[in-house]
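Asks: Sequence and predicted structure are below.
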Amino acid sequence: MRARLRGQKTTYHHGDLKRGLMDAAITLIDIRGRQALTLREAARRAGVSEAAPYRHFVNLDDLLGAVALEGYEMLIGDLETAASPKTLRDAYLAFAEDFPGRYELMFGPLNDRKAAAKRRKLVEEVADLIEEAGGLASLHGTASLRLAGLG
C-alpha cells in the first residue's frame, strides 16, 4: 500500500461531483443543445479539473446517457401526476417545451449501450402512461413539430 503524502486529500473536495457534472451538462444541453456539451466544458462549469469527470463517467456518451435517463425519470414523474388525458398531453408537451435540449437528447441516438438498454424500458413506460392521451407517436410528433417551430 502506498503511503499517503502529508497534506494529500483523502476525499474529493467537490462533495457530489457526479451531481455537479450532471447539473452542468443539463444546463448546457437545455440552453445550447447537446452539441455544446463536452466533458471539458462540464468540468469547467462544475469548477473541477478536466480529469475529474472520469471519476464517474467513462466518457461523454456515459454522461449523456445518464442525463437522458434522468430526463425520463422527470417526465415519468410529471406524467404520473396527471389525472386525465388532457393533463397527460399537456404534461408531455410542457416537458418538451420546457427542456427542449434534454427532450431531443432523450429521443435521439444514444451511444451509451447501458443507457440505451434502460431507455427502451423507460420509453415503454412513457408510452403506457400516455396511451389514453393519443399515444407516444402522436405526442412525440406534436412535440417535435413544435420544437421545430412548425406546430
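Replies: Sure, I can see it.
Asks: buried residues in stretch 56-69?
Replies: His56, Phe57, Leu60, Asp61, Asp62, Leu63, Leu64, Gly65, Ala66, Val67, Ala68, Leu69 (16 or more other Cβ atoms under 10 Å). Quick note: C-beta positions are derived from backbone N, CA and C, even for glycine.
Asks: What separation do you get for the spatially most central residue of the chain and Gly108?
Replies: Nearest to the mean C-alpha position of the chain, by Cα atoms, centre = their mean, lies Val67 at 2.5 Å. Separation of Val67 from Gly108 (Cβ to Cβ, to the nearest Å): 12 Å.
Asks: ok, now Val48?
Replies: Val48 is 27 Å from Gly108, by Cβ to Cβ.
Asks: what does Gly47 give?
Replies: 28 Å.
Asks: Work out for me the element the nearest residue to Phe57 once chain neighbours are set aside sits within.
Replies: Sequence neighbours aside, Leu63 is the residue nearest to Phe57 in space, at 4.4 Å (criterion: Cβ to Cβ, 6 or more residues apart in numbering). Following DSSP states H and E, one finds Leu63 within helix 60-80.
Asks: Mind checking the pLDDT average for that helix?
Replies: Averaging pLDDT along helix 60-80 yields 97.
Asks: Having no further points to raise, I will conclude here.
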